[in-house]
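> Turn this into a structure:
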Amino acid sequence: MLSDKLVSLLKSFSKTDLNRFEKYLISPFFNENKEQIKLFEMLNQYIRNPEADLKVVKKQEVWKKLFNRTPYNDILFRRICSDLTQMALHYLAIKEYKSQPLLVETNMLSATNSPKLEKHFNGIMRKIQTRQGEKKMRNASFHYHNYIIEYNSHKNLEYQGKKRKDFSNLERADYHLDCFYILQKLKNYCDLLGYKNIIQLDAEINLLPSFLEYVKSSHYMKEASIEAFYLVNEMFLDPEEEEFYHALKNLLANRLEEFVREDLKLLYTHLRNYCIISKINMGRSDYFRELFILYKDQVKSKIILEDDVITTQNYKNIITVALHSEEFEWVEQFIQTYTDKLPIENQDNDRTYNLAKVYFHQKKYTKVIEQLREVEYKNVIYALGGKLMLLKTYFELNEFLALDSLVDSFRIYLRRNSKIPKEVKQQYMNVLRFTKRLSVVLLNDQTTILKIKTQVLACKALAAKKWLLEKIGEMEK
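As a prediction, this is how the structure comes out:
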């Protein structure tokens, strides 16, 4: 069997990347090993053929094509595969490097900063200044590159033997260096505080004494990114003080164009985690509304998308929070618009299933049944969610014959399905038991209703507990 590291790496390449890597590999500047080129040419044919199975290709067969009659040498063959893997990784590194024009140009600036290359240095500097312009998005990378630009400009005066009139380049270099350090330090500490809330792990991220106090009173706070990550730190360090949360939310609303996409995604993640962990989980149900507003802002600005695709998890979370906030019209429009941005294999089923959820919350129970008829229960999550929604729908419509039949079939499904964990099965078995009992109890039998309520409240393994208590409340006099 061939090297899995090499094969999996090359399989991740697009057709364009395979073509470009071949040109890279045959360039004498980068590679002079002909065996690597031959090996890639053979692998390239297999990789481009969707029916080819590289697992059945034997190393000895490839060796024979590479070296003809030379006896097989496993150590040498492994080395060739390893070297080709490294070449492929180098190609990806160069591709990433070339995708960042400012990084390329700042390296050119350092390389041409000598008396003999003054014209070249000045030409590159003009190009950089044109590219930078009045750039509003000032992240850590922006400050780092500007530090290099300003410091090279400062040193260039010495190389050219020109009389120094001031230290403006050095001052700007120092400012950007400080911004880079402060911003990255704040981001690192934010990550630490955020993860501590979720996975209870600690890390040694050392801040200088009174670092946050210094940042708060410094002129660096005029930088939107520095102010934002400073507020995240304060928000996590003092979760009871809600002013930091609202200040950050307002900062993003008013200065959105000053943040790069990656920083915005991270900041919104911090805001959402604050809502969930520090507020909702602590009993502040009003923060569901805040969570909805955050999701709505991300949808509006399309930050929620990655390459025009939305993850299934984000899609479900947005729908759940919007329904909890009773934003039915908005969420219905969201489903119609954003389902097409899910991975294509999930689209039809997710649209049908989630529209059923909307109709249930709107009490349009006939529509719920119509939608659920079209759902394909491809996995356990869909099956459990769909059957539970149908159970509640039959109860709301007083369709007790249909409910009885569903209870029986649902029980059989739970007992026979080995993929459902035991504790999950118990949660659904209990909801079937309580729903069945509520469907037959008489409204004037308040003693039995109270008894069921007491049992529901005491039951820890129970799906749809909130809904059951709502139904019991409607039956109480």
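
> Poorly predicted segments of the stretch 201-350 of the chain, please.
Applying pLDDT under 70 to the stretch 201-350 of the chain flags residues 201-203.

> Repeat the analysis, applying 80 as the threshold.
Residues of the stretch 201-350 of the chain that meet the criterion pLDDT under 80 lie in 201-205, 345-346.

> hey, where'd the helices end up in it?
Residue ranges of the helices in the stretch 201-350 of the chain, as given by DSSP state H, counting those that start in this stretch, are 211-217, 224-237, 243-254, 261-273, 287-301, 312-324, 328-338, 347-361.

> So which of those helices is the most surrounded?
Comparing the helices of the stretch 201-350 of the chain by mean neighbour count (mean count of other C-beta atoms under 10 Å), helix 224-237 comes out on top with a mean of 23. In short, each C-beta sits where N, CA and C put it, glycine included.

> just to revisit the earlier point, out of the helices of the stretch 201-350 of the chain, nearest to residue 403?
Of all the helices of the stretch 201-350 of the chain, helix 347-361 sits nearest to residue 403, with 15.0 Å by C-beta to C-beta.

> and the closest one, what does it pack onto?
If contacts are counted by 3 or more C-beta pairs under 8 Å, 6 or more residues apart in numbering; DSSP states H and E, helix 347-361 sits against helix 312-324, helix 328-338, helix 365-373, helix 380-396.

> Present those helices as CSV; the columns should include distance to residue 182.
Compiled in CSV, the helices and strands packed on helix 347-361 are given as follows (distance: least, C-beta to C-beta, whole Å):
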stretch, distance to residue 182
helix 312-324, 31
helix 328-338, 37
helix 365-373, 52
helix 380-396, 44
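
> how much space between the residue nearest to residue 26 when sequence neighbours are not counted and residue 52?
Spatial nearest neighbour of residue 26, chain neighbours left out: residue 37 (5.8 Å); criterion: C-beta to C-beta, 6 or more residues apart in numbering. Here the criterion is C-beta to C-beta, to the nearest Å. By it, residue 37 lies 20 Å from residue 52.

> try residue 123
Residue 123 is 49 Å from residue 52, by C-beta to C-beta.

> same thing with residue 345?
24 Å.

> Which of the two has more residues huddled nearby?
residue 52 (13 against 9; other C-beta atoms under 10 Å).

> What does the more buried one show for phi and psi?
The phi/psi pair for residue 52 (degrees, to the nearest 10) reads phi -80, psi 140.

> Verify the stated contact: it with residue 44.
No. Counting by C-beta atoms under 8 Å, residue 52 does not reach residue 44; the two are 10.8 Å apart.

> Over to the nearest residue to residue 366 once chain neighbours are set aside: give its phi and psi.
Among residues not flanking residue 366 along the chain, residue 397 sits closest, at 7.9 Å (C-beta to C-beta, 6+ apart). The phi/psi pair for residue 397 (degrees, to the nearest 10) reads phi -90, psi 0.

> Could you check the pLDDT of residue 397?
Per-residue confidence (pLDDT) for residue 397: 96.

> export stretch 81-95 as PDB, just CAs?
Only the C-alpha atoms of stretch 81-95 are listed here, as PDB (Å, rounded to 0.1, in the frame of the first residue of the first chain):
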ATOM      1  CA  CYS A  81       7.200   9.300  -1.000                       C
ATOM      2  CA  SER A  82       8.200  11.400   2.000                       C
ATOM      3  CA  ASP A  83      10.100  13.900  -0.100                       C
ATOM      4  CA  LEU A  84       7.200  14.200  -2.500                       C
ATOM      5  CA  THR A  85       4.900  14.800   0.400                       C
ATOM      6  CA  GLN A  86       7.100  17.600   1.600                       C
ATOM      7  CA  MET A  87       7.200  19.100  -1.900                       C
ATOM      8  CA  ALA A  88       3.400  19.100  -1.900                       C
ATOM      9  CA  LEU A  89       3.300  20.800   1.500                       C
ATOM     10  CA  HIS A  90       5.800  23.400   0.300                       C
ATOM     11  CA  TYR A  91       3.600  24.100  -2.700                       C
ATOM     12  CA  LEU A  92       0.700  24.700  -0.300                       C
ATOM     13  CA  ALA A  93       2.900  27.000   1.800                       C
ATOM     14  CA  ILE A  94       3.900  29.000  -1.300                       C
ATOM     15  CA  LYS A  95       0.300  29.200  -2.500                       C
END
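
> Perfect, I'm done here.
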